[in-house]
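Undergrad: Prediction below, plus the sequence it came from.
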Amino acid sequence: MPISKKLCPVPFDQQPLNEYFALKASWFFSWSTLSLNKYFIKLFLIFVFIFVILMFSLVYIVSKTYSIWKLIILNIFIATFIFLLIFIRLYLGWSYIVKRLISATIFYEESGWYDGELWIKKPEALTQDRLVAFYEVMPFLFRAKYGVIVSFALLFLEKIIYSLILL
């Protein structure tokens with residue numbers, strides 16, 4: 001759905017709708033576009049992969065100083081922190097796209113950082129972009145936001161459990 005050059009002077013790659021399609025097709029951001037069941041399965045598999053890799057590395061490094069339960073909780077804590085970073089990245093990417101789609105003006109660069117321009121969207125393009133933002137992109141943004149919230153809550157809970165085990 002690229003807009004013609006007469007209607008939109010913004011370069012093809014910097015048009016918000018094209019940025020959305022590129023982000024949606026990317027390997028990392030396409031995770032959040034999956035159906036809910038596939039999304040949770042993918043997250044679970046990633047968590048198990050991170051957990052196993054961390055478990056082998058942590059057992060090798062600190063197995064003499066920690067008990068197995070402390071080691072497992074530390075491993076879960078690190079894996080949850082990695083998930084927090086993943087969800088923050090997802091949230092930042094989708095929120096950038098939503099901001100560009102909802103905005104009535106678009107800042108773009110013609111050939112470099114020194115010659116930026118501002119384009120005011122036509123009402124038709126603004127309506128189309130806002131519909132895409134609210135009905136297609138916002139669910140992905142909410143998934144990422146809930147992932148950040150759940151990751152923070154799990155980190156807090158894991159910290160409490162870890163400190164109780166240290167007693």
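TA: Arrived safely.

Undergrad: What's the mean pLDDT across the longest helix that the chain contains?
TA: Counting residues, the longest helix found in the chain (DSSP state H) is helix 68-102. Across helix 68-102, the average pLDDT comes to 91.

Undergrad: which is the next helix or strand following it?
TA: Going down the chain from helix 68-102, the next helix or strand is strand 105-109, by DSSP states H and E.

Undergrad: Pull the distance from that following strand to the chain's centre.
TA: Once both centres are worked out by C-alpha atoms, centre = their mean, to the nearest Å, strand 105-109 turns out to sit 23 Å from its chain's centre.

Undergrad: What of stretch 92-104?
TA: The chain centre lies 13 Å from the centre of stretch 92-104; the measure is C-alpha atoms, centre = their mean.

Undergrad: Could you list the buried residues of that stretch?
TA: Under the neighbour-count criterion of 16 or more other C-beta atoms under 10 Å, stretch 92-104 has G93, W94, I97, V98, R100, L101, I102, S103 buried. Every C-beta, even on glycine, is put in place using the N, C-alpha and C of the backbone.

Undergrad: do stretch 132-146 as well
TA: Result for stretch 132-146 [16+ other C-beta under 10 Å]: buried residues V132, A133, V137, M138, F140, L141, R143, A144, K145.

Undergrad: quick one: the spatially most central residue of the chain from I41, how far?
TA: By C-alpha atoms, centre = their mean, the chain has its centre lying nearest to L90, at 0.5 Å. L90 sits 17 Å away from I41, going by C-beta to C-beta, to the nearest Å.

Undergrad: Helices of the chain, start to end?
TA: Ranges of helices within the chain are 16-25, 36-62, 68-102, 123-132, 138-166, based on DSSP H.

Undergrad: Looking at the ones you listed, which is nearest to G116?
TA: Shortest separation from G116 across the helices of the chain is recorded for helix 68-102, at 14.2 Å, computed as C-beta to C-beta.

Undergrad: between that closest one and helix 16-25, how many degrees?
TA: Per axes from the mean of the first three to the mean of the last three C-alpha atoms, to 10 degrees, the angle that helix 68-102 makes with helix 16-25 is 160 degrees.
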